[in-house]
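Chemist: I need the structure of the sequence given here:
(chains A, B, C and D)
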Protein chains: 4
Amino acid sequence: MLKIKKTINTHLKHNTMKINRYQDISEIDREAKKDYIDRHSAFVHCADNAIANEKFKVKVQVGDEYKHPDDFDHFIQWVQLWDGERFLAEASFSAGAMGNAPANLEVDFYIVPTKNMKLIAHAYCTKHGLWQSDEIVVTV
Amino acid sequence: MLKIKKTINTHLKHNTMKINRYQDISEIDREAKKDYIDRHSAFVHCADNAIANEKFKVKVQVGDEYKHPDDFDHFIQWVQLWDGERFLAEASFSAGAMGNAPANLEVDFYIVPTKNMKLIAHAYCTKHGLWQSDEIVVTV
Amino acid sequence: MLKIKKTINTHLKHNTMKINRYQDISEIDREAKKDYIDRHSAFVHCADNAIANEKFKVKVQVGDEYKHPDDFDHFIQWVQLWDGERFLAEASFSAGAMGNAPANLEVDFYIVPTKNMKLIAHAYCTKHGLWQSDEIVVTV
Amino acid sequence: MLKIKKTINTHLKHNTMKINRYQDISEIDREAKKDYIDRHSAFVHCADNAIANEKFKVKVQVGDEYKHPDDFDHFIQWVQLWDGERFLAEASFSAGAMGNAPANLEVDFYIVPTKNMKLIAHAYCTKHGLWQSDEIVVTV
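Modeler: The predicted structure is shown next:
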């Protein structure tokens, strides 16, 4: 394994992969930037409280006021739902599932919580990378 | 590639992988078999008609009257949604997402149809293999 | 649930989704058909024998003599590896991972068998549907 | 959407999800910590240079000197391969694919580069979250 270690030592960079985050678009002036930020942002929509051991609906949505393309070379390929560091579920899509037209991608997951959760969604755009939602605290 | 081809020729079998299908459980006598068939069956629940180029909700559900375990060694790992031979979307789950208790796994996909669809769902159980729903025809 | 059941009863069809199978292309005359069949076919390449509890390499390859496009609207989106009815692993790809040029998609899985296996690969083409390899028997 | 926005405003936290990073275990004293860090770390193993438009092998491996369990409730569920912010491929696994015994999960992807790459791997452990490799620069 010496050779591999050498490769790692000479070629690695410690930069973390860029993960884009939500920004409040009401604080952004330029229309093109508002659109860019909003249409990629992942949102977790759910109730503030859940009952332990009962089914709980969590909508993951991409974009709020602006829609994202569904072109073959530019679409939302997958979203993931996390509870803190725990991966709960992923939904992946073929280009064209949104009719090849701009849309707000949505998927409703139904999970069964047993304790408080910190829900986070990730969304991946094939041109503009990974986007992480704000964290939603759910009291169980 | 000669060696590989030889391997293929001597070891292949043309059997198709078993894909389990829905059966009407009202026609099944034995309670254990009713439970086994129902809790694994994949269902597509949606409206009969859709409007072209508008968002359309499709629920994929596993089981109807009977629940499926969510144990670490026995759970529904993923479901897929197909329009005929066209793969639309997949949702995959971690064991425990249903609270480690029996449940009917559900996920709502939102797709945008442009023409008639023949929706089919697949569900994979880590102990009992792949299950395919009946086909639901949606007029667009 | 009455309404949903009615939907199922009136709209379902019992047709199984089409899964394409390997054909020996030396027995096919037409060049275009040879190309079509070969470039979509999934192959499992591995040794005939494995040692229990030791790592075992399994190559899943799509196409043999003919290459498949890697265009945004036409590419191999995912492959799966099955041992009979047991799902072992899946690899999914972004369009462009093969340089947007024709290629034979390959992925090497390393699994650890404990008993005889019947390996089957699935490959999904975004234009031409699901393709299933022949079954490779591995003696452990 | 007002209600949802309110939920977001009162319940969100801007904390980023924890992504664990590689540490040089030769600098870690405690054996249990060495083991914990090493067995979860994702590594990208590949050549330093690639030829444009030719197939290029990239091994993603989890752990180097220490093995990770493959228990039903504790296993490596998926790995991803990224080129900077561009998602290339993912491999996901069923618990038991490594024979339910400790192992270093490996998968070989074959990609076709067209320009310089910054390869990064992610690995997800069902008990200990997401781990990101160092970045490997490949000159094309």
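Chemist: please tell me how far the nearest residue to A:N116 once chain neighbours are set aside sits from chain B.
Modeler: Leaving aside its sequence neighbours, A:N116 sits nearest to A:V140 (Cβ to Cβ, 6 or more residues apart in numbering or on different chains; 5.2 Å). C-beta coordinates here come from the backbone N, C-alpha and C atoms, glycine included. A:V140 is 10 Å from chain B, where distance means Cβ to the nearest Cβ, to the nearest Å.
Chemist: these two touch, right, A:V140 and A:N53?
Modeler: No. A:V140 sits out of contact with A:N53 when judged by Cβ atoms under 8 Å, with a separation of 9.1 Å.
Chemist: quickly list what's touching both of those two.
Modeler: Residues touching both A:V140 and A:N53 comprise A:P113, A:T114, with contact defined as Cβ atoms under 8 Å, 6 or more residues apart in numbering or on different chains.
Chemist: spatially central residue in chain A, please.
Modeler: Centroid-nearest residue in chain A, with Cα atoms, centre = their mean: A:H122, separated by 2.0 Å.
Chemist: chain A: strands as residue ranges?
Modeler: A:12-13, A:20-21, A:42-45, A:56-62, A:76-83, A:86-93, A:106-111, A:117-125, A:129-132, A:135-138 (DSSP state E).
Chemist: of all those, which lies closest to C:C46?
Modeler: strand A:86-93 (27.0 Å; Cβ to Cβ).
Chemist: so is the closest one next to chain D?
Modeler: Yes. Judged by Cβ under 8 Å from any Cβ of the partner chain, strand A:86-93 and chain D are in contact via A:R86, A:F87.
Chemist: so, in contact with chain C or not, that strand?
Modeler: Yes. With Cβ under 8 Å from any Cβ as the measure, strand A:86-93 is seen reaching chain C through A:S92.
Chemist: buried ones in that strand, by neighbour count?
Modeler: Residues of strand A:86-93 classed as buried by neighbour count (16 or more other Cβ atoms under 10 Å in any protein chain shown): A:R86, A:F87, A:L88, A:A89, A:E90, A:A91, A:S92, A:F93.
Chemist: over to stretch A:20-37?
Modeler: A:N20, A:Y22, A:I25, A:K34, A:D35, A:Y36, A:I37.
Chemist: state the distance from A:I111 to chain D.
Modeler: From A:I111 over to chain D the distance is 15 Å, taken as Cβ to the nearest Cβ.
Chemist: quick one: which of the buried residues of stretch A:20-37 is nearest to C:V112?
Modeler: For those, the nearest to C:V112 is A:N20 (37.9 Å; Cβ to Cβ).
Chemist: bridged to that closest one, which residues?
Modeler: Listed by DSSP bridges, the beta-bridge partners for A:N20 are A:W131.
Chemist: measure it to C:A42 for me?
Modeler: 36 Å (Cβ to Cβ, to the nearest Å).
Chemist: before we move on, the earlier item: could I get the buried residues of strand A:86-93 as JSON lines with distance to A:V107 and pLDDT?
Modeler: Shown next, in JSON lines, are the buried residues of strand A:86-93 (distance: Cβ to Cβ, whole Å; pLDDT from 0 to 100):
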{"residue": "A:R86", "distance to A:V107": "18", "pLDDT": "96"}
{"residue": "A:F87", "distance to A:V107": "15", "pLDDT": "97"}
{"residue": "A:L88", "distance to A:V107": "12", "pLDDT": "98"}
{"residue": "A:A89", "distance to A:V107": "9", "pLDDT": "98"}
{"residue": "A:E90", "distance to A:V107": "10", "pLDDT": "98"}
{"residue": "A:A91", "distance to A:V107": "4", "pLDDT": "98"}
{"residue": "A:S92", "distance to A:V107": "10", "pLDDT": "98"}
{"residue": "A:F93", "distance to A:V107": "9", "pLDDT": "98"}
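Chemist: closest to chain C out of those?
Modeler: When these are ranked by distance to chain C (Cβ to the nearest Cβ), A:S92 comes first, at 6.8 Å.
Chemist: list the contacts for the closest one?
Modeler: A:Q77, A:W78, B:A89, B:E90, B:S92, C:S92.
Chemist: please apply the same query to A:Y124.
Modeler: Counting by Cβ under 8 Å, 6+ apart, A:Y124 touches A:I76, A:Q77, A:W78, A:V79, A:L130, A:W131, D:F87.
Chemist: go through the residues you listed and name the one nearest D:N116.
Modeler: Set against D:N116, the nearest of those by Cβ to Cβ is D:F87 (17.3 Å).
Chemist: what's across from that closest one in the sheet?
Modeler: Applying DSSP bridges to D:F87 gives these bridge partners: D:W82.
Chemist: likewise A:E135?
Modeler: Under the criterion used (DSSP bridges), A:E135 bridges to D:K13.
Chemist: pLDDT weak spots in chain A?
Modeler: Residue ranges of chain A with pLDDT under 70: A:1-16.
Chemist: which ones are touching the closest residue in space to A:K18 that isn't next to it in sequence?
Modeler: Distances taken as Cβ to Cβ, 6+ apart place D:E85 nearest to A:K18, at 5.4 Å, with adjacent residues excluded. Contacts for D:E85 (Cβ under 8 Å, 6+ apart) come out as A:M17, A:K18, A:H128, A:G129, A:L130.
Chemist: need the residues of chain A near chain C, please.
Modeler: A:D71, A:F72, A:D73, A:Q77, A:S92, A:S94, A:A95, A:T126.
Chemist: what is the nearest of those residues to A:V60?
Modeler: A:S92 (12.3 Å).
Chemist: follow-up on the earlier one: from the contacts of D:E85, which two are the most distant?
Modeler: Spanning the widest gap among the contacts of D:E85 are A:M17 and A:H128, at 13.4 Å by Cβ to Cβ.
Chemist: circling back: between the contacts of A:S92, which is nearest chain D?
Modeler: Each of these was scored against chain D by Cβ to the nearest Cβ, and C:S92 proved nearest at 5.2 Å.
Chemist: okay, the closest one and C:L130: tell me how far apart.
Modeler: 14 Å.
Chemist: again, but for A:K33
Modeler: Distance, A:K33 to C:L130, by Cβ to Cβ: 41 Å.
Chemist: so who does A:K127 touch?
Modeler: Shown in contact with A:K127 (Cβ under 8 Å, 6+ apart): A:D73, A:H74.
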